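Student: got a sequence here, can you model it:
(chains A and B)
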Amino acid sequence: MADSAKTEEYNGTTWSDANDLTSAKRDGGSAGTQTAGLAICGNPSGQKQVCYEYDGTNWSTGGSTATQRHQMGAWGIQTDAIVAGTSAYAATCEAYNGTSWSSVDNMPTGKSYSEGLGNTSSDGLYHGGTHTNSSTYLNTTYKYATSLTARTVTDS
Amino acid sequence: MSGIIGDNTDKVSGVISSPTGGPEVRGDNPSASHGVCWFTTADSTLKVYRNIAAWSTVNNLGTGVYANAGAGTVTAGLSFGGYDGSTTAETEEWNGTSWTTSGVGNLSTARRDLGSAGIQTAALAFGGSNGSRYSSTEEYNGSSWGSGGALNESVSQTRGCGTLTAGLRFGGET
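Tutor: This is a model prediction of the structure:
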């Protein structure tokens, strides 16, 4: 077994080789488009916080996550993405603005090996996965959504 | 007073600076919109409406699964493949409220740790494994999966993004 750095582009009919990832990785997350992609964290251990941005031709290094992650979910676009969960069933999540990652609310219960989908950091779905041990197959679905909320302004 | 406190819309604490657009202090029960600030006479507090993202638990998948793939949006999603005790070809559609398998075709090849891209009515499933690794691609049209072009390597744990006609995939285990 070996980790791959290969990148391929699909045109609806065939896959064509493109420039490789800066470093090989597996089991991370993804977001974006063919011309503005995002490769998020993953294995091996040196990649667990490393993100790469694709501009349609080349990969370059983006912001690093605060938490080490693989076997997690992600969604969004290159400048507005969410990464959720870790292989250690953490509930923590982070949002990317195209430059840096920042912590956002934790999901209801931590899980790993789940799949994320959605277009922006404002709205996403995190479904399936496992926790505690790999013989648990979760059907839980979490929704991440933005809503208008009243907050009290304080001076502390 | 009226106006827009555009300079303070992200504040949840601290001192509100004097806004360049002029102050906006509305009375009780203002119309809700992002950035509106008002003084509540009942408890003498200053409040602001903000767009805030939060998690909630919604309806479950029909079948528990991990190492599955997905495509689409929060109102029109797709889950396919994965491992539910055995490697599965099952596909489920999400309509914004619930998951269904009704009228939803399964993958031709059961696979887990696969890559994906696209939307609910035009999705890609590629690579993955079920004992051995796959290079094959499948395309979903909203009701059934058909064959697509093969990857240039057999790979699992790869990731993808983009669309059915402009897809991208990278990394994985070979």
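Student: longest strand in chain B, by residue count?
Tutor: Longest strand of chain B, by residue count under DSSP state E: strand B:45-58.
Student: alpha carbons of that strand, as PDB, please.
Tutor: Extracted as PDB, the C-alpha positions of strand B:45-58 are listed here (Å, rounded to 0.1, in the frame of the first residue of the first chain):
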ATOM      1  CA  THR B  45     -30.500  45.200  27.700                       C
ATOM      2  CA  LEU B  46     -29.000  46.100  24.400                       C
ATOM      3  CA  LYS B  47     -29.400  43.300  21.800                       C
ATOM      4  CA  VAL B  48     -28.300  42.700  18.200                       C
ATOM      5  CA  TYR B  49     -29.600  40.300  15.600                       C
ATOM      6  CA  ARG B  50     -26.800  38.200  14.000                       C
ATOM      7  CA  ASN B  51     -26.700  35.400  11.500                       C
ATOM      8  CA  ILE B  52     -25.200  32.500  13.600                       C
ATOM      9  CA  ALA B  53     -24.600  29.000  12.400                       C
ATOM     10  CA  ALA B  54     -25.400  26.100  14.700                       C
ATOM     11  CA  TRP B  55     -25.800  22.300  14.600                       C
ATOM     12  CA  SER B  56     -29.100  20.400  14.900                       C
ATOM     13  CA  THR B  57     -30.000  16.700  14.700                       C
ATOM     14  CA  VAL B  58     -32.300  16.000  11.700                       C
END
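Student: quick one: name whatever helix or strand follows that strand.
Tutor: Proceeding N to C from strand B:45-58, the next assigned helix or strand is strand B:69-72, under DSSP states H and E.
Student: what ranges do the strands span in chain A?
Tutor: Taking DSSP E, the strands of chain A run over residues A:3-10, A:15-18, A:29-32, A:37-40, A:51-54, A:59-61, A:73-77, A:80-84, A:93-96, A:101-104, A:115-120, A:123-127, A:141-153.
Student: need those in JSON lines with mean neighbour count and distance to chain B, can you?
Tutor: (Glycine included, C-beta is placed from N, CA and C.) Shown next, in JSON lines, are those (neighbours: other C-beta atoms under 10 Å in any protein chain shown; distance: least, C-beta to the nearest C-beta, whole Å):
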{"stretch": "strand A:3-10", "mean neighbour count": "22", "distance to chain B": "4"}
{"stretch": "strand A:15-18", "mean neighbour count": "16", "distance to chain B": "5"}
{"stretch": "strand A:29-32", "mean neighbour count": "27", "distance to chain B": "4"}
{"stretch": "strand A:37-40", "mean neighbour count": "29", "distance to chain B": "5"}
{"stretch": "strand A:51-54", "mean neighbour count": "24", "distance to chain B": "7"}
{"stretch": "strand A:59-61", "mean neighbour count": "13", "distance to chain B": "8"}
{"stretch": "strand A:73-77", "mean neighbour count": "28", "distance to chain B": "8"}
{"stretch": "strand A:80-84", "mean neighbour count": "27", "distance to chain B": "9"}
{"stretch": "strand A:93-96", "mean neighbour count": "25", "distance to chain B": "8"}
{"stretch": "strand A:101-104", "mean neighbour count": "16", "distance to chain B": "7"}
{"stretch": "strand A:115-120", "mean neighbour count": "24", "distance to chain B": "4"}
{"stretch": "strand A:123-127", "mean neighbour count": "26", "distance to chain B": "4"}
{"stretch": "strand A:141-153", "mean neighbour count": "17", "distance to chain B": "4"}
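Student: any chance of those in a markdown table with distance to B:V155 and mean pLDDT as columns?
Tutor: Formatted as a markdown table, the strands of chain A follow (distance: least, C-beta to C-beta, whole Å; pLDDT from 0 to 100):
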| stretch | distance to B:V155 | mean pLDDT |
| --- | --- | --- |
| strand A:3-10 | 6 | 98 |
| strand A:15-18 | 11 | 98 |
| strand A:29-32 | 14 | 98 |
| strand A:37-40 | 14 | 98 |
| strand A:51-54 | 17 | 98 |
| strand A:59-61 | 17 | 98 |
| strand A:73-77 | 18 | 98 |
| strand A:80-84 | 21 | 97 |
| strand A:93-96 | 25 | 97 |
| strand A:101-104 | 27 | 96 |
| strand A:115-120 | 18 | 95 |
| strand A:123-127 | 23 | 96 |
| strand A:141-153 | 27 | 92 |
